[in-house]
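Q: pasting the sequence and the predicted model now:
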Amino acid sequence: MKYDNVLDYLYNRLPMYQRTGPAAYKNNLDNIVLLDEKYGNPHKKFRAIHVAGTNGKGSVSHILASIFQTAGYKTGLYTSPHLIDFRERIKINGKMIPKTRVTDWTQNFIINNEKWKIEPSFFELTAALAFSYFAEEKVDIAIIETGLGGRLDSTNIISSELSIITNIGLDHTALLGNTLEKIAYEKAGIIKRRTPVVIGTTQPETQNVFSEIAAVNEAPLFFADQEFKIPHSTADLHGKQVYYVEKNGKNVYPDLKSDLTGMYQIKNMPVVLKSVELMLNRGWNISEKSLYSGFSDAAKRTGLMGRWQIIGHNPKIICDTGHNEDGIKQVVSQIYQTPHKNLHVVFGVVNDKDIHHILALLPKKASYYFTKANIPRALNEKELLIFAGQYGLKGKSYASVSEAFNAAKENAEKDDLIFAGGSTFIVAEILCKN
């Protein structure tokens, strides 16, 4: 079986949320438990940090992975979705799982499943593959990012050293609930008995949910933004973001910098710092030098893409995977603070988002290139154009991402700014061609 055939099986024969939406969502852990048992319960053979949240969980996961591998630990990293290559989802020390491992493992599953008769989703099978790989390779620690939610997420069979919930926003409301409290309850499902839990953002709607569930589980609870304050950041001559960090009113971690240049990363840094502090208390050996280096080259070391990523100059071209109301709000704020003459926005969304709240946030003084990614869930570009017009957004629709992106580049002058986003899949298609 060739690697391309394996990808065809994974993408097209298994239910995949990224492509088809809620139809691929499983509301129980039966399949992943059964799969894991068939492969000898690999999730019990490595130590882990479990990361959930509406926004920021990918960045936090990658920064933590960078810090641990800089400290000399063999570090697994499981994240989703991927942007260019399926193997981005499963890495050890920043290197993607080899194609041969993906092929051999999947082929083994297909053969055995003739008698097992399991009907896994794409995410369930991918999680089982990741756990098997990390166990076989004897990683010292794995940073495991949830996919959707937490309580019923396929990753939630692990017993972690630390649970992290970055923040709570209104996203995937059809599956997780239509209030912040309901979504917080689902995310809080990763809180384990007597296992420390770090909450990134203190929110009045969710604080009691986390406090109650942590108390029931006797889990020590920490709100990172109450301990670490980052009032501002600056950019150094190399384009890295330099953070001013305070704890108990004093400046700590002077000149802490990162190659993740999205201004919204200010919200993620306290989460990472508190998490490292707790892991040090649990006996992990992370020097200050490793911490600084891990932050400084997080994207470079782990291969993280799509977070306020600059992919072109003259005109400056930036893409970002922010795709819900909270994420778009942060991205738009940074667009306003980025010097430019005219703004060009290549924009597309999936059809299960609250598009009206998102469109209301977008800059009106811009030329829009509305489009759709090449997936079934994408909202039709002509419908998007009509909706956008209701919010004073002007532009044209394009049948493909490449057409929209090329039109933006043709129309932009060297002092202009091109921003591409609205959906992870818009960014993915642009990165695949650049």
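A: Structure received.
Q: which regions of the chain sit below the pLDDT cut-off?
A: Applying pLDDT under 70 to the chain flags the ranges 15-26, 173-174.
Q: now do Val198 against Glu403, distance only.
A: 43 Å (Cβ to Cβ, to the nearest Å). Placement of C-beta: from N, CA and C, glycine included.
Q: so how far is the helix or strand where Tyr185 lies off the chain centroid?
A: Assigned by DSSP states H and E, Tyr185 falls within helix 180-187. Taking the mean of its C-alpha atoms, helix 180-187 sits 18 Å from the chain's own mean (Cα atoms, centre = their mean, to the nearest Å).
Q: quick one on the thing from earlier: more neighbours: which of Val198 and Glu403?
A: The neighbour count for Val198 versus Glu403, taken as other Cβ atoms under 10 Å, is higher for Val198 (26 against 16).
Q: correct me if wrong, but that one is in a helix.
A: No. Assigned with DSSP: H, G, I helix; E, B strand; the rest coil, Val198 falls outside any helix and is strand.
Q: surely it meets Val276?
A: No. Val198 is beyond contact range of Val276, at 10.1 Å (criterion: Cβ atoms under 8 Å).
Q: send over stretch 346-355 as PDB, restricted to the C-alpha atoms.
A: The C-alpha trace of stretch 346-355 is given here as PDB (Å, rounded to 0.1, in the frame of the first residue of the first chain):
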ATOM      1  CA  VAL A 346      -8.600  37.200   0.900                       C
ATOM      2  CA  PHE A 347     -11.400  35.700   3.000                       C
ATOM      3  CA  GLY A 348     -13.400  32.500   3.300                       C
ATOM      4  CA  VAL A 349     -15.200  30.600   6.000                       C
ATOM      5  CA  VAL A 350     -16.800  27.300   6.700                       C
ATOM      6  CA  ASN A 351     -20.600  27.000   6.700                       C
ATOM      7  CA  ASP A 352     -21.100  26.200  10.400                       C
ATOM      8  CA  LYS A 353     -19.500  29.400  11.800                       C
ATOM      9  CA  ASP A 354     -21.500  32.400  13.200                       C
ATOM     10  CA  ILE A 355     -20.600  34.300  10.000                       C
END
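Q: count residues in the vicinity of Ala412, would you?
A: 22.
Q: go on, Ile165?
A: With other Cβ under 10 Å as criterion, Ile165 counts 28.
Q: now swap in the one 4 residues further on and tell me
A: Other residues within reach of Gly169 by the criterion other Cβ under 10 Å amount to 19.
Q: so it touches His323, yeah?
A: No. Counting by Cβ under 8 Å, Gly169 stays clear of His323, with 10.9 Å between them.
Q: what's the longest helix in this structure?
A: helix 99-116 (DSSP state H).
Q: what does the helix or strand just after it rub up against?
A: Following helix 99-116 in sequence order, the next helix or strand is helix 122-136 (DSSP H and E). Under the contact criterion Cβ atoms under 8 Å, 6 or more residues apart in numbering, helix 122-136 has outside partners 10-11, 14-18, 24, 26, 31-32, 35-36, 39-40, 42-43, 45-46, 76, 78, 80, 89-90, 92, 97, 101-102, 105-106, 109, 120, 142, 144, 147-148, 154-155, 158.
Q: show me which of these are buried.
A: By neighbour count, with 16 or more other Cβ atoms under 10 Å, the contacts of helix 122-136 hold 10, 14-18, 24, 26, 31-32, 35-36, 39, 42-43, 46, 76, 78, 80, 89-90, 92, 97, 101-102, 105-106, 109, 120, 142, 144, 147-148, 154-155, 158 as buried.
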